[in-house]
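Participant: turn this into a model:
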Amino acid sequence: MEEFTTNWSREELKAYILLYCAYANFTETKAEKDFIKQKVGDEKYKSVHREFDRDNDYQRIQKIQAGIERFDYSKDEIDRLFQNIKKLFLQDGEIDILEENIYRGLQHLLKQE
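Facilitator: Residues are numbered from 1 along each chain as shown. Sure thing, here's the model as predicted:
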């Protein structure tokens, strides 16, 4: 079984998760790109984007899960992450069905309730 551990910082994990969400509808808009860069900076965005582009969807989910577990995110940290995800989705004014599905899927995977 393949290991999906990374040596990311918390900011790089955030960038990866936000990129994953930006691609929920198979396209990353300029507004979404700008939002992510505002949250993590241009260099982290570019660095993480290169890795993101090489990964398939399964690898992306596994890396996100492994990162959340490695950093032992608290309920409050996960809640803040989901607030940022929602703000990202609203960059174009609405949350479409594909974005809603990604949001629900990530809630299922990451919230420990």
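Participant: so how far is residue 94 from residue 15?
Facilitator: 23 Å (C-beta to C-beta, to the nearest Å). All C-beta atoms are positioned from the backbone trio N, CA, C, and that covers glycine.
Participant: which of these two has more neighbours?
Facilitator: residue 15 (25 against 8; other C-beta atoms under 10 Å).
Participant: any figure for the gap between the more buried one and residue 93?
Facilitator: Residue 15 is 23 Å from residue 93, by C-beta to C-beta.
Participant: same deal with residue 28?
Facilitator: 16 Å.
Participant: looking at these two, which is more packed in?
Facilitator: Using other C-beta under 10 Å as the criterion, residue 28 and residue 93 rank with residue 28 on top: 17 against 7.
Participant: what about the closest residue to the more buried one other than its chain neighbours, how many residues nearby?
Facilitator: Leaving aside its sequence neighbours, residue 28 sits nearest to residue 22 (C-beta to C-beta, 6 or more residues apart in numbering; 4.4 Å). Applying other C-beta under 10 Å, we find 24 other residues in the vicinity of residue 22.
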